[in-house]
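*Asks:* show me the folded form of this:
(one chain, ligands or ions: 1)
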Amino acid sequence: MSIAEKKKQWTDTKVAKFLTRSPERYEKFLTTSNLEIERVFTPDFDYPGYDEKLGFPGSYPYTRGVQPTMYRGRFWTMRQYAGFGNAKESNERYKYLLGAGQTGLSIAFDLPTQMGYDSDAAMSQGEVGKVGVAIDSLADVEVLFDGIPLDKVSTSMTVNSTAAILLCMYIAVAEKQGVSADKISGTIQNDILKEYMARGTYIYPPKESMRLITDIFAYCKDNVPKWNTISISGYHIREAGSSAVQEVAFTLADGIAYVDAAIKAGLDVDDFAPRLAFFFNAHNNLLEEVAKFRAARRIWAKIMKERFGAKLEKSQMLRFHTQTAGCTLTAQQPDNNIMRVTIQTLAAVLGGTQSLHTNSRDEALALPTEDSVRIALRTQQVVAYESGVADSIDPLAGSFFVESLTDQIEKAAWEYIEKIDKLGGAVEAISNGFQQKEIQDSAYAYQKAIEKNELIIVGVNKFTISEPPPTGLLKVTGEVETNQKKALAEVKAKRDGAAVKAALAKLEVAAKGTDNLIPLILEAVKVYATLGEIADVFRGVFGKHQETVVL
Ligand SMILES: CC(C)(COP(=O)(O)OP(=O)(O)OC[C@H]1O[C@@H](n2cnc3c(N)ncnc32)[C@H](O)[C@@H]1OP(=O)(O)O)[C@@H](O)C(=O)NCCC(=O)NCCSC(=O)CCC(=O)O
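*Replies:* Numbering: from 1, shown residues only. Alright, predicted model coming up:
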């Protein structure tokens, strides 16, 4: 069958069926000169390997995208990562963003919340509300989502070692809004392996952390079916200095480790794989980034189909969120960052992302102001509504350069994946510092190239100007910590202490055994046991992880 015939078949079957459920934005897509834009462009000649390498959108190997209509049906979710201070301030920011046209929520938590400490813990001093919102108990989460209908908006929560606790708090708040767990949708990052490798907010040793993760997979499959149970993240690997190839390879190797762990825990691959999600970085090198996203989809599809025998299409699809690259933002001439973010937005969209955060121009200096975050969101909106790149699916396919880069990234990533397999898998390789060392070497080479002026960063090592110190930045004051501690003391005074004690005792017994921990965490958060108290139970039973130092 020729490619044209296959395209007709795809249009008449897969697309036609999809369109009955989800129509496209327009009946006809036209350029400014009234030329018709096809849903997907294909070669009208024999293209060797077309089926294996590219296929059609929404079809294996998903190189061209996971949905048959992609952005012609629905734009990616515009999901700005935000949160600072206390729950009330953050709630106001979310409402501001939703009012400005954002289409999904993304919660940034402060470090104590990510590390399992309450705001009144000694370890939390000076960090409360600084890099995200401070959450101590369900009471804070109630305020965080006040007036936000959780059956209408999907929420991502960037939290890893304490992911199970935050997920339970979210379920509990939704229930209070009258929204049952099977109606909520969202994502928890829940990706501990990259925390050991690159980000650092781990608490427990790998084995126990993996248990919490697979408990979440199992619980959500039965109770929270629309929840993306993990966001397997290359973002932070790239921020730590990896190359694009390493970002893909190490992320997908982590993905393999999670699938292995879940199967070992007794789950069927098609029961949990449809809700595995990914998270990548979008850097400045536009075409390499587009190729990276395309290669990642193709590799993951093969891994799921061939290695794990996944049968469901949704198990084979790599669905991902993108964040523009924080590490490319410069403190010098910060408005230049708007251009960088625009290029990176294009990379994510031309690469077929499902969800996107665009960084703000002032993020090399502080948390973004309201004005900056609006420009960042507007960048996505301009690309979506004005640029035309969302009108045809995978528009860079067939570019000699992009296809060649896609193939090369795939090949190089497979080589890493095979190497990690030989080292005993991602968990083992991370314990031995393999990925960390590779990332360090790349980061060092990159920094050296900048310092030698082999790599030009506009406004940093070329085209510099003298600038006055920045003004009007957002500051989180120490007052947040004082108020948060006061609020926590009030919660502790008001709650049923005996119920909390009993819930924590039950949790401890379960942690020592093998039962799924999520129902018991849910019970504990509902009686206002705090995040720190729950994490302390696990610290007591599981112990704390010690970092592998790589020289
Ligand atoms: C799967 C993703 C990637 C995206 O989910 P979304 O809900 O936004 O999008 P989606 O699944 O593509 O689409 C939502 C629904 O619409 C459907 N849909 C999509 N496209 C469609 C189309 N063309 N026509 C019809 N329907 C369509 C989908 O099938 C889906 O329904 P069904 O589900 O029913 O199929 C999820 O995991 C996500 O939102 N991740 C965000 C992660 C994030 O924000 N992380 C922040 C990290 S911040 C961070 O770490 C910063 C640094 C640091 O802190 O260190």
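*Asks:* hey, let's count contacts and neighbours off CA atoms from now on
*Replies:* Noted.
*Asks:* just the pLDDT for the residue lying closest to Gln546 once chain neighbours are set aside.
*Replies:* Nearest residue to Gln546, sequence neighbours excluded (CA to CA, 6 or more residues apart in numbering): Pro205, at 7.7 Å. With respect to pLDDT, Pro205 scores 96.
*Asks:* numbering from 13 from now on, please.
*Replies:* Sure, I'll start numbering at 13, so the last one becomes Pro217.
*Asks:* how close does Pro217 sit to the ligand?
*Replies:* According to CA to the nearest ligand atom, to the nearest Å, Pro217 and the ligand sit 20 Å apart.
*Asks:* wait, isn't that residue in contact with Val553?
*Replies:* No - contact between Pro217 and Val553 fails when scored by CA atoms under 8 Å: they sit 11.0 Å apart.
*Asks:* before we move on, the earlier item: mind listing what the residue nearest to Gln558 touches?
*Replies:* Going by CA atoms under 8 Å, 6 or more residues apart in numbering, Pro217 touches Phe554, Gly555, Lys556, His557, Gln558.
*Asks:* same thing with Leu377?
*Replies:* Ala343, Leu485.
*Asks:* what's the burial count for the nearest residue to Phe332 once chain neighbours are set aside?
*Replies:* Distance criterion CA to CA, 6+ apart; nearest residue to Phe332, sequence neighbours excluded, is Phe290 at 4.4 Å. Neighbourhood size, Phe290 [other CA atoms under 10 Å]: 25.
*Asks:* repeat that for Lys504.
*Replies:* Residues lying near Lys504 (other CA under 10 Å) number 15.
*Asks:* spell out which helix or strand contains it, please.
*Replies:* Taking DSSP states H and E as the definition, Lys504 sits inside helix 491-506.
*Asks:* buried set for that helix?
*Replies:* By 16 or more other CA atoms under 10 Å, the buried positions in helix 491-506 come out as Val492, Glu493, Gln496, Lys497, Ala499, Leu500, Val503.
*Asks:* can you add distance to the ligand and give the residues you listed back as CSV?
*Replies:* Shown next, in CSV, are these (distance: CA to the nearest ligand atom, whole Å):
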residue, distance to the ligand
Val492, 20
Glu493, 20
Gln496, 21
Lys497, 24
Ala499, 25
Leu500, 24
Val503, 28
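*Asks:* now those residues as a markdown table including distance to Pro55 and pLDDT?
*Replies:* Below are these laid out as a markdown table (distance: CA to CA, whole Å; pLDDT from 0 to 100):
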| residue | distance to Pro55 | pLDDT |
| --- | --- | --- |
| Val492 | 59 | 94 |
| Glu493 | 60 | 96 |
| Gln496 | 60 | 97 |
| Lys497 | 63 | 97 |
| Ala499 | 63 | 97 |
| Leu500 | 63 | 98 |
| Val503 | 64 | 98 |
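*Asks:* the ligand contacts on the stretch 113-262 of the chain?
*Replies:* Contact residues (CA under 6 Å from any ligand atom) of the stretch 113-262 of the chain with the ligand: Ser118, Ser168, Thr170, Thr199, Asn240, Ser243.
*Asks:* buried sites along the helix ranked longest in the chain?
*Replies:* Assignment by DSSP state H gives helix 412-434 as the longest helix of the chain. Neighbour counts over helix 412-434 (16+ other CA under 10 Å) mark 414-415, 417-422, 425-426, 428-429, 431-433 as buried.
*Asks:* angle of the helix or strand containing Ala457 against helix 412-434?
*Replies:* Assigned by DSSP H and E, Ala457 falls within helix 446-463. Angular relation of helix 446-463 and helix 412-434 on a 0 to 180 degree scale: 140 degrees, by axes from the mean of the first three to the mean of the last three CA atoms, to 10 degrees.
*Asks:* can you pull the buried residues of helix 446-463?
*Replies:* Phe446, Gln447, Gln448, Lys449, Ile451, Gln452, Ser454, Ala455, Tyr458.
*Asks:* chain neighbours aside, what residue packs nearest to the fifth one?
*Replies:* Nearest-residue entry for Ile451: Ser254, 4.6 Å, with adjacent residues in sequence omitted and distances by CA to CA, 6+ apart.
*Asks:* from Gln345, how far out is the residue of the stretch 463-563 of the chain found nearest the ligand?
*Replies:* The nearest approach of the stretch 463-563 of the chain to the ligand comes at Val488, 17.0 Å away (CA to the nearest ligand atom). Between Val488 and Gln345 the distance is 23 Å, computed by CA to CA, to the nearest Å.
*Asks:* and for Asp24?
*Replies:* From Asp24 to Gln345 the distance is 52 Å (CA to CA).
*Asks:* ok, Phe157 next?
*Replies:* From Phe157 over to Gln345 the distance is 36 Å, taken as CA to CA.
*Asks:* close to the ligand: what parts of the protein are there?
*Replies:* So the chain meets the ligand at 34, 79, 81-83, 85-86, 89, 93, 118, 168, 170, 199, 240, 243, 289, 331-333, 366-367 (CA under 6 Å from any ligand atom).
*Asks:* repeat that for 5 Å
*Replies:* Residues of the chain lying close to the ligand by CA under 5 Å from any ligand atom are Ser34, Thr81, Met82, Gly85, Arg86, Thr89, Ser168, Ala289, Phe332, His333, Gln366, Ser367.
*Asks:* in CSV: these, plus secondary structure, distance to Gln189 and neighbour count.
*Replies:* What follows is the residues of the chain next to the ligand, written out as CSV (DSSP: H, G, I helix; E, B strand; the rest coil; distance: CA to CA, whole Å; neighbours: other CA atoms under 10 Å):
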residue, secondary structure, distance to Gln189, neighbour count
Ser34, coil, 28, 13
Thr81, coil, 34, 24
Met82, helix, 32, 24
Gly85, coil, 30, 18
Arg86, coil, 27, 15
Thr89, strand, 23, 18
Ser168, strand, 18, 23
Ala289, strand, 26, 23
Phe332, strand, 29, 23
His333, strand, 27, 25
Gln366, coil, 27, 25
Ser367, strand, 25, 21
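*Asks:* with these in mind, which one is nearest to Pro55?
*Replies:* Thr81 (18.6 Å; CA to CA).
*Asks:* ok, that closest one - contacts?
*Replies:* Taking CA under 8 Å, 6+ apart, we find Thr81 in contact with Val27, Glu36, Arg51, Pro69, Gly70, Ile405.
*Asks:* show me the strands in the stretch 63-212 of the chain, by range?
*Replies:* 89-94, 116-120, 167-170, 198-200 (DSSP state E, counting those that start in this stretch).
*Asks:* and the helices in the stretch 63-212 of the chain?
*Replies:* Along the stretch 63-212 of the chain, counting by DSSP state H, counting those that start in this stretch, helices occupy 99-111, 123-127, 150-156, 175-188, 204-206.
*Asks:* list the contacts of the fourth one.
*Replies:* It stands for helix 175-188. When contacts are defined by CA under 8 Å, 6+ apart, helix 175-188 is touched by residues 149-150, 153-154, 157, 162-163, 169, 171, 192-193, 196, 200-202, 224-225, 228, 530, 533-534, 537-538, 543, 546.
*Asks:* in it, what's buried?
*Replies:* For helix 175-188, by 16+ other CA under 10 Å, it's Ala175, Ala176, Ile177, Leu178, Leu179, Cys180, Met181, Tyr182, Ile183, Ala184, Val185, Ala186.
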